[in-house]
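**Student:** build me a structure from this.
(2 chains)
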Amino acid sequence: MVNPEKIVKIPIGPQHPALKEPACFTVSLNGEKLVDLDLRLGYNHRGVEKAAEGRTYTQNMYLFERVCGICSHSHATCFIQCVEEVAGLEVPPRGRFLRTLIGELERIHSHFLWLGVAAHEIGFDTLLMYSWRDREVVMDLLAMLTGNRVNYAANVIGGAKHDVTDEQKAAILKAVDTLEERTKYYIEVASEETTLIARLSNVGRISLEDVKRLGTVGPTARASGLSQDARRDDPYAAYKEVPFSVITDTHCDVYGRTLVRVGELMESYKIIRYVLQNLPDGPIAAKAPRKIPAGEAVSRYEAPRGEDVHYVRGNGTEKPERVRVRAPTMVNLLSVPKMLEGNNLADVPITVAAIDPCFSCTDRAIRVADADGGNAQVFSWEESRRFGIDWYRKNGVDFTDVNKRLAQRLK
Amino acid sequence: MGLIKSLVTWSRVKSPWVIHFNTGACNACDIEIVASITPKFDLERFGVQLKGTPRHADVLLCSGPVTRQIESRLKRVYEQMSNPKFVVAIGTCACSGGVFNGCYNVKGGIDTVIPVSAYIPGCPVRPEAIIDGVVKLLGSLKNPAAAPKLPITIDPAGVLEKGA
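**Tutor:** Presented below is the predicted three-dimensional model:
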């Protein structure tokens, strides 16, 4: 039994050297050991979903790229897949392959970024500098293909915006060779460097049962042995035609998450090579109607951090009636208190970093306060779900059909 | 006293310590800030070093529009910095609110809350533009008489032309 007088509370954030984005973790400690973790989000909440209702679909593509600057293609593609489903648009094969290409380049840059940040959190700054130097190779490719290093705007409704020329193909293949060589070196580091293994092993453990119970997604879930990947389970873009394997690991700790991400880099190189060698001819985009018909759709996308889900409801005008974004970090954050149970204070930054959190994706937390400022009320998951369903039913939005269709598709 | 003053200015210009604070950005500008201090762009060759606490920092790099939740924190971080202090607004959102202007939880640009010394627009800002902005700011510290008046505004298109 812990003596409550011995518990020390330390706030980490919203401004903290270990956090790249504002979030507040209140850590309760007994000595060095972590007893409890309280999470406060919402510093990055901008109101993207509400803003989307006042903009046209084309303007919204610009907006949704900026839900998160790291997985910008993920959010934009996930949104646009919904719009295309509502409009009944079929993306031409070449457009689908090009989307896959940008998506995988984004995964590579995101995983290199993660490797650097994780290395920084454990004080291995050499690896940070190495991996960020290599990341610049991908950034150059993205700049070459789309004209911008980040937020590439590679989509239009009905397909892709930029085609790939033969010179660009050659440049990509050459760069991928370089990156593969470097990734092999990182795999060597990850499997042989004893300090790295000792620092990461048994930190932030989470079992397969807990992963399933908490609904964890992405590399975090795959590192606990859950084979789950929206690219394989519910193929979008060109993933139905592209052969690749889903990397899993059974270490269940931060070390496992590192191995999964490095392994996924190797898979991404394979996918990119396949996409470039088998790029179909034809148009890159279908012609989109100016007005999107009434209807609703849900789409899933495997972002670098995990499964991203968007819901779009159109009402026949050029603006959507409702958009909902569920970012992967939102669900992964729930697993962090579980991972940190009984760990040391010094393990907090690396464990939080290991889920590759993206708070700008996530910040849709609900905290309801009375107008006079007092009496804040935090909704539980079940309560807020109930409240949301009732509120939308009252306002004429019913998810029942969409849920049924989603369940059917998953079968 | 002239010697001490010039010594202080010299050391300030030769090694400005910066702190990065995300005030509600989409992460794009933040990763470009990190990119500009890592090997390819390497801001550290100008003595720029990223610091963890506002009390050690001379320059506050803000990215993103100011959300209502972060507003009081931003003020606190700014107040904790010791004088003289400079604020650089990185990215279109930090300059004016950008694409998030008008959102219910967004106040607008950084200058709606604290004074800004340099504006670097771009969505996201390219590392070249960040370097240009920081170097110009340092130049204005070295020789206040000859330098452009604060705030400095960087033209991202101009930076790219020069770089190409």
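
**Student:** going forward, measure contacts and count neighbours with C-alpha atoms only.
**Tutor:** OK.

**Student:** doesn't residue A:193 make contact with residue A:255?
**Tutor:** No. Counting by CA atoms under 8 Å, residue A:255 stays clear of residue A:193, with 11.8 Å between them.

**Student:** list the buried ones in the longest helix anywhere in chain B?
**Tutor:** Ranked by residue count under DSSP state H, the longest helix found in chain B is helix B:127-142. Neighbour-count burial for helix B:127-142 flags B:127-138, B:140-142 (criterion: 16 or more other CA atoms under 10 Å in any protein chain shown).

**Student:** helix or strand for the residue of the stretch 51-200 of chain A found nearest chain B, which one?
**Tutor:** Closest to chain B within the stretch 51-200 of chain A is residue A:69: 4.0 Å, counting by CA to the nearest CA. Take DSSP states H and E as the rule and residue A:69 turns out to sit in neither a helix nor a strand.

**Student:** what sits against it?
**Tutor:** Counting by CA atoms under 8 Å, 6 or more residues apart in numbering or on different chains, residue A:69 makes contact with A:150-151, B:26-29.

**Student:** about what we covered before: who has more neighbours, residue A:255 and residue A:193?
**Tutor:** More crowded of residue A:255 and residue A:193, by other CA atoms under 10 Å in any protein chain shown: residue A:255, with 24 against 12.

**Student:** after the helix or strand containing the more buried one, which helix or strand is next?
**Tutor:** Taking DSSP H and E as the definition, residue A:255 sits inside helix A:254-277. Remark: after helix A:254-277, the chain's next helix or strand is strand A:294-303, criterion DSSP H and E.

**Student:** now tell me what touches the helix or strand just after that next one from outside.
**Tutor:** Next along the chain after strand A:294-303, taking DSSP H and E as the criterion, comes strand A:306-315. The contact list for strand A:306-315 (CA under 8 Å, 6+ apart) reads A:74-75, A:78-79, A:82-83, A:86, A:217-220, A:229-230, A:292-302, A:320-329.

**Student:** just the buried ones from these?
**Tutor:** A:74-75, A:78-79, A:82-83, A:86, A:217-220, A:229-230, A:292-293, A:295-302, A:320-329.

**Student:** give me the subset of the residues you listed touching chain B.
**Tutor:** Among the buried ones among the contacts of strand A:306-315, no residue lies close to chain B (CA under 8 Å from any CA of the partner chain).

**Student:** that older thread, which elements pack onto the helix or strand following the longest helix of chain B?
**Tutor:** The element immediately downstream of helix B:127-142 (helix or strand, assigned by DSSP H and E) is strand B:152-153. Applying 3 or more CA pairs under 8 Å, 6 or more residues apart in numbering or on different chains; DSSP states H and E, one finds that strand B:152-153 contacts strand B:118-120, helix B:127-142.

**Student:** can you tell me the element the residue in the stretch 251-400 of chain A that chain B sits nearest to falls in?
**Tutor:** Residue nearest to chain B within the stretch 251-400 of chain A (CA to the nearest CA): residue A:360, separated by 5.4 Å. In this assignment (DSSP H and E), residue A:360 forms part of helix A:359-362.

**Student:** state the mean pLDDT of that helix.
**Tutor:** Taken as a whole, helix A:359-362 has a mean pLDDT of 74.

**Student:** helices and strands around that helix, which ones?
**Tutor:** helix A:328-333.

**Student:** nearest residue to the most centrally placed residue in chain A in space, please, no chain neighbours.
**Tutor:** Nearest residue to the geometric centre of chain A (CA atoms, centre = their mean): residue A:305, 3.4 Å. If the residues on either side of it in the chain are set aside, residue A:305 comes closest to residue A:218, at 5.5 Å by CA to CA, 6 or more residues apart in numbering or on different chains.

**Student:** that neighbour touches residue A:227, doesn't it?
**Tutor:** No. Contact criterion CA under 8 Å: residue A:218 and residue A:227 do not qualify, at 9.4 Å.

**Student:** tell me the residues of the stretch 101-250 of chain A that contact chain B?
**Tutor:** Going by CA under 8 Å from any CA, the residues of the stretch 101-250 of chain A near chain B are A:129, A:132-133, A:136, A:149-151.

**Student:** if we use 6 Å, what do you get?
**Tutor:** Neighbours of chain B within the stretch 101-250 of chain A, by CA under 6 Å from any CA of the partner chain: A:129, A:133.

**Student:** what segments of the stretch 101-250 of chain A are helices?
**Tutor:** All helices of the stretch 101-250 of chain A, identified by DSSP state H, counting those that start in this stretch, fall at A:125-146, A:166-192, A:194-200, A:208-214, A:218-222, A:230-233.

**Student:** so which bits of the fourth one are buried?
**Tutor:** Spelled out, that is helix A:208-214. A:208, A:211, A:214.

**Student:** tell me the contacts of the second one?
**Tutor:** The neighbourhood of residue A:211, defined by CA atoms under 6 Å, 6 or more residues apart in numbering or on different chains, contains no residues.

**Student:** and the average pLDDT for the longest helix of chain B is what?
**Tutor:** Mean predicted confidence for helix B:127-142 is 84.

**Student:** does chain A sit close to it?
**Tutor:** No. Under the criterion of CA under 6 Å from any CA, chain A is not reached by helix B:127-142; the shortest gap measures 9.9 Å.

**Student:** which helices and strands does that helix pack with?
**Tutor:** Other helices and strands packing on helix B:127-142, by 3 or more CA pairs under 6 Å, 6 or more residues apart in numbering or on different chains; DSSP states H and E, are absent; none qualifies.

**Student:** confidence score at residue 89?
**Tutor:** No chain in the question, so chain A it is. Note for residue A:89: predicted pLDDT of 91.

**Student:** not what I meant, chain B
**Tutor:** So residue B:89 comes in at 91 (pLDDT).

**Student:** does it belong to a helix or a strand, and which?
**Tutor:** Applying DSSP H and E, one finds residue B:89 within strand B:86-90.

**Student:** so what secondary structure elements neighbour that strand?
**Tutor:** Strand B:86-90 packs on strand B:59-63, strand B:118-120, going by 3+ CA pairs under 6 Å, 6+ apart.

**Student:** quickly run through the sheet partners of the helix or strand following the longest one, with directions.
**Tutor:** Under the assignment DSSP H and E, the closest C-terminal helix or strand after strand B:59-63 is strand B:66-67. Within its sheet, strand B:66-67 is paired with strand B:106-108 (antiparallel), according to DSSP bridges.

**Student:** correct me, but residue B:86 touches residue B:61?
**Tutor:** No. With contact defined as CA atoms under 6 Å, residue B:86 does not reach residue B:61; the gap is 8.6 Å.

**Student:** who has more neighbours, these two?
**Tutor:** residue B:61 (24 against 21).

**Student:** could you list every residue that touches the more buried one?
**Tutor:** By CA under 6 Å, 6+ apart, the neighbours of residue B:61 are B:19-20, B:88.

**Student:** how about residue B:95?
**Tutor:** B:89, B:109.

**Student:** pLDDT averaged over the host helix or strand of it - what is it?
**Tutor:** For residue B:95, the host element (DSSP H and E) is helix B:92-96. Taken as a whole, helix B:92-96 has a mean pLDDT of 90.

**Student:** name the residues of that helix that are buried.
**Tutor:** Quick answer for helix B:92-96 (16+ other CA under 10 Å): B:92-96.

**Student:** up against chain B, what does the stretch 301-411 of chain A have?
**Tutor:** Close to chain B, as judged by CA under 6 Å from any CA, the stretch 301-411 of chain A has residues residue A:360.
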